[in-house]
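*Asks:* Sharing a model prediction with you, sequence too.
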Amino acid sequence: MYDRLVDRFMTAYLIAILPGDGTGREVMAEAQSLLDAISANSTLDFEQMVIPCGGQYYLETGEEWPQGSFEKCRDEADAILLGAIGWPEAVCDNGDLAGGQVVLGLRAGLGLYANVRPIKLYEGVRHKVHGEFQQVWAADKVNMVIVRENTEGLYHSLLHRSALKATGGTEYEPPEMSFPGMNGDVAWDPRPISRAGSERVIDFAHKLVTLRNGNPEGKKKLTCVDKSNVTRGCQLFRSIFDEKAATWENIETDHAYIDAFTMWLVRNPEWFDVVVTSNMFGDIATDLGSVLQGGMGMAASGNIGDEHAFFEPVHGSSPKHAGKNVVNPIATLNSVQMMLEWLGHRNHDDEALRVAGYIDEAVAEHILAGELLTYDLGGSASTSEVGEAIVERVIGKLS
Ligand code: IPM
Ligand code: MN
């Protein structure tokens, strides 16, 4: 820790910037401006290491990112920022998503087992329902975090294959299986869930509860979301949750099956504080959860492990909007905010924590002002107009 503190005062934070595909590149430009503005106006200093990557890069070069990129992210970067991965027709020879080596290779290869996805509704956001913009949920009733297990479950084979590719290893295929009553071609994805993998993500989620101020009803609570009435992996996950819950003090715990959870998430979001769930359930539930925030343009995330982390908007590359400068950059700016919080806690850097708070305030004030909003929030402002306006607000708080 001492070394880390000494380093901190001598050097800038080195941020690996992976713009990726489509609109990922446009929102990343706004994140880069934000980092530059913070460097210029505070004692924090960011150096940016830009790494081209993704499906479009694959179509151009035959590689998902330049050789050595994984190692740069692992060995050099203090933190990683990603725009979006995925492009139509960009598929590797083995059928895997081109660019998967980047997003999934980093998740598995760096042991980023907790995918942290806050669902927080800012005051003034209107939701697009039936094509109209309306205030559906109350801002003071939506403030939770879904912690998605990020290294195993239904994603395990692809994650493992992606990490091997990223590190120059061999291809991985799950073992052959036969299924009684099924003939001909059968494709299948194993869903392994381990004790160690469950313990670390459940512990992470518990720690997060202790650091937060509770759900909108003021209760500190951890909810285990699973399908333990059906799957063995979920039975193991829930039993580990229950073992640990018996030792926790000062927090409430409860369970929900994923199917019922999706209903309660929409109807009673105020019930939830931190939710912990397996990989694919978390993937699906957080897209639904983004609707409570005003859409995917508002959903930020962090992929966090014990030593490394990368931050990204939950949304994809949105090919139909790419190149038009119209998508919402707030999910990405809030991912920068999460990155600063992580760097701040990790390095005992109060300035990083303070600036993270300013980004959150700037976004809140920007939305409340309601003047410059992108199409998804009912406005017609451009990506760069919104980005610049929020960066200006952050600069105002710094000076
Ligand atoms: C996400 C994305 C990824 C996932 C894709 C791009 C592989 O949907 O981060 O939620 O499924 O995890
Ligand atoms: Mn997803």
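*Replies:* Structure's in. What do you need? Ligands and ions are numbered 1, 2, ... in the order given.
*Asks:* show me where the protein has strands.
*Replies:* 13-20, 46-50, 79-84, 114-120, 127-129, 132-134, 143-149, 221-226, 252-257, 274-277, 300-304, 309-313 (DSSP state E).
*Asks:* List the contacts of the longest one.
*Replies:* Think strand 13-20. 25, 28-29, 31-32, 35, 44-54, 65, 72-73, 76-85, 99, 102, 310, 317, 339, 343 (C-beta atoms under 8 Å, 6 or more residues apart in numbering). Heads up, the C-betas are built off the backbone N, CA and C, glycines and all.
*Asks:* for ligand 1, what are the nearby residues on the stretch 1-150 of the chain?
*Replies:* With C-beta under 6 Å from any ligand atom as the criterion, the stretch 1-150 of the chain comes near ligand 1 at residues Ile85, Gly86, Val103.
*Asks:* May I ask which of the residues you listed has the most neighbours?
*Replies:* Within those, most neighbours by other C-beta atoms under 10 Å means Ile85, with 28 neighbours.
*Asks:* so who does that one touch?
*Replies:* Ile85 touches 20-21, 24, 53-55, 97, 99-100, 102-103, 316-317, counting by C-beta under 8 Å, 6+ apart.
*Asks:* Mind telling me which residue of the stretch 101-250 of the chain is nearest ligand 1?
*Replies:* Closest residue of the stretch 101-250 of the chain to ligand 1, C-beta to the nearest ligand atom: Val103 (5.5 Å).
*Asks:* give me the number of residues near Gly169?
*Replies:* 12.
*Asks:* per-residue pLDDT, the closest residue to it other than its chain neighbours?
*Replies:* Spatially, and ignoring its direct neighbours in sequence, Gly169 is nearest to Ala163 (7.7 Å; C-beta to C-beta, 6 or more residues apart in numbering). We have a pLDDT of 94 for Ala163.
*Asks:* contacting residues around Ala163?
*Replies:* Leu104, Gly105, Ala108, Gly109, Gly169.
*Asks:* now do Gln56
*Replies:* Taking C-beta under 8 Å, 6+ apart, one finds Asp21, Gly22, Trp87, Ala90 in contact with Gln56.
*Asks:* for these, which one is nearest ligand 1?
*Replies:* Distance to ligand 1 across the contacts of Gln56 (C-beta to the nearest ligand atom) is lowest for Asp21, with 9.8 Å.
*Asks:* number of nearby residues for the closest one?
*Replies:* By other C-beta under 10 Å, 28 other residues sit near Asp21.
*Asks:* Can you list the residue ranges for helices in the chain?
*Replies:* Counting by DSSP state H, one finds helices in the chain at the ranges 2-10, 23-41, 55-61, 69-75, 100-109, 156-166, 195-211, 232-245, 258-267, 279-293, 330-347, 350-369, 383-398.
*Asks:* which parts of the longest one are buried?
*Replies:* Neighbour counts using 16 or more other C-beta atoms under 10 Å place 351-353, 355-356, 358-360, 362-367 of helix 350-369 among the buried residues.
*Asks:* what sits up against it?
*Replies:* For helix 350-369, using C-beta under 8 Å, 6+ apart, the contacting residues are 34, 38, 42-44, 122-125, 330, 333-334, 336-338, 340-341, 343-345, 372-373, 377, 386, 389-390, 393-394, 397-398.
*Asks:* Geometric centre of the protein: which residue is closest?
*Replies:* Most central in the chain under C-alpha atoms, centre = their mean is Ser301, positioned 2.4 Å from the mean C-alpha point.
*Asks:* Need the pLDDT of whichever residue of the chain sits closest to ligand 1.
*Replies:* Closest residue of the chain to ligand 1, C-beta to the nearest ligand atom: Asp283 (4.7 Å). In this model, Asp283 is scored at 98, pLDDT.
*Asks:* any low-confidence regions in this structure?
*Replies:* Scanning the chain for pLDDT under 70 picks out 1-10.
*Asks:* chain center to stretch 126-143, what's the gap?
*Replies:* Distance of stretch 126-143 from the chain centroid (C-alpha atoms, centre = their mean, to the nearest Å) equals 22 Å.
*Asks:* Now it - C-alpha only, CSV.
*Replies:* What follows is stretch 126-143, C-alpha atoms only, in CSV (Å, rounded to 0.1, in the frame of the first residue of the first chain):
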residue,chain,number,x,y,z
ARG,A,126,-38.8,10.9,-18.4
HIS,A,127,-39.2,7.4,-19.5
LYS,A,128,-40.2,6.4,-23.0
VAL,A,129,-43.3,4.3,-22.8
HIS,A,130,-45.8,3.8,-25.7
GLY,A,131,-43.6,6.2,-27.7
GLU,A,132,-44.4,9.0,-25.2
PHE,A,133,-42.1,10.6,-22.6
GLN,A,134,-43.6,10.3,-19.1
GLN,A,135,-42.4,10.2,-15.5
VAL,A,136,-43.4,6.7,-14.6
TRP,A,137,-41.2,5.9,-11.6
ALA,A,138,-40.5,8.3,-8.8
ALA,A,139,-36.8,9.3,-8.6
ASP,A,140,-36.7,8.8,-4.9
LYS,A,141,-37.9,5.2,-5.2
VAL,A,142,-35.3,3.8,-7.6
ASN,A,143,-31.8,3.4,-6.2
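*Asks:* Tell me which residues are up against it.
*Replies:* Defining contact as C-beta under 8 Å, 6+ apart, one finds that stretch 126-143 is touched by 119-125, 215-216, 269-270, 291-295, 376-378.
*Asks:* Nothing else from me, thank you.
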